[in-house]
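Participant: Sequence plus the predicted model coming up.
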Amino acid sequence: MKPVFYTWPKLTAFDAKTVGSKVTDFVRFLTILGEAVQAFDFNAETNEHVDTTGQGGVFLPEALPYVTSGVGPKSVKLSDHVMREWRGEIKPFLKREHAAPVESLLVIVYTVAAYLADPQVDASERTEIEAGGASHVIVAVLANAGPKPPAYSPSRLVANLAGGNNDAAKWDADTIRAHAVAADAYASEWSVVAD
């Protein structure tokens, strides 16, 4: 059955102007993603790459031409940056023209059941999803450059640890430290881009 997608409300990768990874050809991107999701096993018992049933990371190498990277090499030149509002804060970002070439593309997709089990889904969003008949939720589009897999950003790591992701609740202290080291190293070499 062909998947019906709902996008996480904070996902801006499909916007004309955005911060981070950006989809540049929606039709081709969604066609490729739909085919990949149909073939993807979201069951943690049968897919070693799925930690929590229903939460999947779908690699889409075929869609690389239809996205731009969300990061570029860190720069200290003021003229390479723009100020943008992002999730309630004004922050500097590297201009999109300095985005590194996309090397890998990972799309975080949840089944609707897994998404609705997330502790951050509120009642109005639940109603919207159920009324829309979605089968899957696109949570993140990660068009990456640099280390593979890319580290969490420091703010995303903290949000996950604070209850924003069910998988993070299972991490032991060594796993958390490893993620923190990777996040710090990544943030010291790479900057997020914006339009």
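Facilitator: Structure received.
Participant: What residues sit buried inside the helix ranked longest in the chain?
Facilitator: Ranked by residue count and defined by DSSP state H, the top helix of the chain is helix 173-189. Neighbour-count burial for helix 173-189, counted by 16 or more other Cβ atoms under 10 Å, picks out His179, Ala180, Ala182, Ala183, Tyr186, Ala187. Placement of C-beta: from N, CA and C, glycine included.
Participant: What residues are bridge-paired with the residue nearest the centre of the chain?
Facilitator: With distances taken as Cα atoms, centre = their mean, Ala140 lies nearest the centre of the chain, 2.6 Å away. Beta-bridge pairing for Ala140 (DSSP bridges): Ile108.
Participant: list the contacts for it?
Facilitator: Each residue near Ala140 by Cβ atoms under 8 Å, 6 or more residues apart in numbering is listed here: Trp8, Leu11, Ala13, Leu106, Val107, Ile108.
Participant: before we move on, back to that, what sits up against the longest helix of the chain?
Facilitator: Against helix 173-189 from outside (Cβ under 8 Å, 6+ apart): Pro73, Lys74, Gly146, Pro147, Pro150, Ala151, Tyr152, Ser153, Pro154, Leu157, Leu161, Trp171.
Participant: Any quick PyMOL command for the buried ones out of the contacts of Ala140?
Facilitator: With 16+ other Cβ under 10 Å as the criterion, this PyMOL line picks the buried residues out of these:
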select buried, resi 8+11+13+106+107+108
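Participant: closest to Lys95 among the contacts of Ala140?
Facilitator: Ala13 (17.4 Å; Cβ to Cβ).
Participant: which non-adjacent residue is nearest the closest one?
Facilitator: The spatial neighbour of Ala13 that comes closest, neighbours along the chain excluded (Cβ to Cβ, 6 or more residues apart in numbering), is Val141 at 3.9 Å.
Participant: That neighbour contacts Leu11, correct?
Facilitator: Yes. Using Cβ atoms under 8 Å, Val141 makes contact with Leu11 at a distance of 7.0 Å.
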